[in-house]
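Undergrad: Any chance you can model this:
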Amino acid sequence: MPSPTELTIRVMTQADIFAVVAIITDFSVDDGRLAEDYYEQYFRSDGHGDEQNYVAIIGDEVVGVTGLYPDKYEWPGILWLNWFYVSSAHRRKGIGGSLLDFTIKTAEGLGCRKLYLDTSSDSDYAAAVSKYEKSGFVREGELKDYYAKGDHYLIYGLSLPSAG
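TA: From the prediction side, this is the model:
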């Protein structure tokens, strides 16, 4: 497990795209393709809207990614977790927990009252789902057979202390 002094979390830069996409692609080629398109567009746009993306770093190596984006309907106080992945070489070392804690605290600092995420019911995502549930996220929705027969689209939510 990396010590707090070894792991840093900072705002993602365009120079991080290759490393981030490699982490995501290592987990899922489809997710990697989607992430590459997303990040290329994200860094081409001026100001990046209200989205925020962060990377976890050990030394000079990008070892994880996370982010937040506003609700597509711009509902006040609602944010969504974006691209939450840890490199395969650094999983089960506390990095995912640190990234998720950072993201939750960042959302709280932005006055978010509810943080949502979506994921798959596929067994490949079971470790992430377990991490979300241990952090207090509650399953609130399911779209059956969304990705494929037997692979459901899951929505989890976490209520945060009200900003006001």
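
Undergrad: Identify each of the strands in this structure and give its residue range.
TA: 7-11, 52-58, 61-70, 78-81, 85-86, 114-120, 138-148, 151-159 (DSSP state E).

Undergrad: Mind checking the pLDDT average for the fourth one?
TA: Over the span of strand 78-81, the pLDDT mean works out to 95.

Undergrad: How many residues are close by the closest residue to Ala128 other than its chain neighbours?
TA: Take Ala128 and drop its neighbours on the chain: the residue closest to it by C-beta to C-beta, 6 or more residues apart in numbering is Thr119, 6.2 Å away. All C-beta spots, glycine's among them, are computed from the backbone N, C-alpha and C. Other residues lying near Thr119 total 19 when counted by other C-beta atoms under 10 Å.

Undergrad: which residues does Thr119 contact?
TA: 125, 128-129, 132, 154, 156 (C-beta atoms under 8 Å, 6 or more residues apart in numbering).

Undergrad: And Ala126, how close does it get to Glu108?
TA: Using C-beta to C-beta, to the nearest Å, we find Ala126 at a distance of 27 Å from Glu108.

Undergrad: Compare those two (neighbour count), which wins?
TA: Glu108 (16 against 12).

Undergrad: Starting from Pro161, give me the distance back to that one.
TA: Glu108 sits 6 Å away from Pro161, taking C-beta to C-beta as the criterion.

Undergrad: Ok, Ala127 next?
TA: As judged by C-beta to C-beta, Ala127 and Pro161 stand 27 Å apart.

Undergrad: So if I had to pick from these two, which one is more boxed in?
TA: Legend: neighbour count by other C-beta under 10 Å for Ala127 and Pro161, higher for Ala127 (13 against 7).

Undergrad: give me phi/psi at the residue nearest to that one when sequence neighbours are not counted?
TA: Excluding the flanking residues, the one nearest Ala127 by C-beta to C-beta, 6+ apart is Arg91, at 7.5 Å. Main-chain torsions, Arg91, degrees, to the nearest 10: phi -70, psi 160.
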